[in-house]
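**Q** Got a predicted structure plus its sequence, pasted below:
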Amino acid sequence: MTAKVSRTLLPKDQIAIELKKLDGWSLVKKEIRKTWEFKDFVHALKFVNAVAAIAEQFNHHPDIDIRWNKVSLTLSTHSAGGLTSLDFMLAKALEEI
C-alpha cells in the first residue's frame, strides 16, 4: 500500500458508518472482529497466509486466532489506542480474499 493513511482515532459515529460497510465484522470495545470457518485446518492456514500477505502490504497486522478450521481476526491500531481508517481499509481488503 503506497498511500498514506490517517492513524487518527475515528469518532464513534464514523466507526458505526464504516462497520455497516463490512460483512460479518463486529465491534468489541476498541476493536473490530470477524471469524471465518473453513473445511479444515489446511484451508484455514492458507487463508492466514493470504491475510499475512495483505497485512504486509498495508504494514498493519491483525491479531489472529486459529482454532482448527476457524480463524478469527481482530483489528485495531494499537499505536493510536483504537480504531482508525487503516483498520477499516484493511478489513475491506481482507474481504477480497
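**A** The structure has been received and is ready for your questions.
**Q** Spit out the contact partners of the nearest residue to T35 once chain neighbours are set aside.
**A** Spatial nearest neighbour of T35, excluding adjacent residues (Cβ to Cβ, 6 or more residues apart in numbering): S72 at 4.3 Å. Placement of C-beta: from N, CA and C, glycine included. Residues near S72 by Cβ atoms under 8 Å, 6 or more residues apart in numbering: R33, K34, T35, W36, I64, D65.
**Q** cutoff 10 Å now
**A** When contacts are counted by Cβ atoms under 10 Å, 6 or more residues apart in numbering, S72 touches R33, K34, T35, W36, P62, D63, I64, D65, I66.
**Q** Give the pairing partners of the helix or strand harbouring it; include direction for each.
**A** Assigning secondary structure by DSSP states H and E places S72 in strand 70-75. Taking DSSP bridges as the criterion, strand 70-75 pairs within the sheet with strand 31-37 (antiparallel), strand 63-67 (antiparallel).
**Q** Which one of these lies nearest to T77?
**A** Smallest distance to T77 across those (Cβ to Cβ): 9.7 Å, for strand 31-37.
**Q** Pull out the buried residues from the biggest helix by length in the chain.
**A** The longest helix of the chain (DSSP state H) is helix 41-58. Residues A44, F47, V48, V51, I54, A55, F58 are the ones in helix 41-58 that count as buried (16 or more other Cβ atoms under 10 Å).
**Q** hang on, the fifth one packs against I97?
**A** Yes. Using Cβ atoms under 10 Å, I54 is in contact with I97, at 7.2 Å.
**Q** give the contact list for F38.
**A** A44, L45, K46, F47, V48, W68, N69, K70, V71.
**Q** again, but for K92
**A** Going by Cβ under 10 Å, 6+ apart, the list of residues near K92 reads E18, K21, L22, D23, W25.
**Q** wait, is it part of a strand?
**A** No. Counting by DSSP: H, G, I helix; E, B strand; the rest coil, K92 is not part of a strand but helix.
**Q** Model confidence for it, exactly?
**A** Here, the pLDDT recorded for K92 equals 97.
**Q** Give me the distance between it and A53.
**A** K92 sits 16 Å away from A53, going by Cβ to Cβ, to the nearest Å.
**Q** Kindly report the same for V28.
**A** Distance from V28 to A53, by Cβ to Cβ: 25 Å.
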